[in-house]
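Enquirer: Below is the sequence, then the predicted model.
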Amino acid sequence: MDEIAKEELWRSVAVFFFALIFVSFLIAKFGLPASFFTVIVVPLLITISHFMIKIYIRRGEAYKPQKLSAKVVAEFLVLLSIIYIILGLMGISLRGGLFKESII
């Protein structure tokens, strides 16, 4: 395992716990039912996506400076869309309310 991946793997342990606290806060704030998916899998998905993005950025920095390109903007928008879909599946509306039923 290379040095960049090892460092980011250790950082992702802390990211997992922060994501766990954040998802638990959302569950408590919006009164969602806590299931295995919402408590463990959603923070794990957040951690994995953070790990992959950080590896991509740090390996890119080693070879060339990071530029704001259409590809970077598209990846950012895809990540926001994935987060929006996960929140929708959990039954959370970004307008401050809850949906009648959640899929999860």
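Expert: Looks like it arrived, so ask away. Numbers count the residues shown, from 1 in each chain.

Enquirer: Break down the protein into its strands, ranges please.
Expert: Using DSSP state E, no strands are found in the chain.

Enquirer: which regions of it sit below the pLDDT cut-off?
Expert: 1, 61-68, 90-104 (pLDDT under 70).

Enquirer: What residues does the residue nearest the centre of it make contact with?
Expert: Centroid-nearest residue in the chain, with CA atoms, centre = their mean: residue 46, separated by 2.6 Å. Going by CB atoms under 8 Å, 6 or more residues apart in numbering, residue 46 touches 15, 16, 19, 22, 23. (C-beta placed from N, C-alpha, C; glycine too.)

Enquirer: Most neighbours of all those residues, which one?
Expert: residue 23 (23 neighbours; other CB atoms under 10 Å).

Enquirer: Can you give the distance of the longest helix belonging to the chain from its chain's centre?
Expert: Counting residues, the longest helix found in the chain (DSSP state H) is helix 3-30. Distance of helix 3-30 from its chain centroid, counting by CA atoms, centre = their mean, to the nearest Å, is 9 Å.
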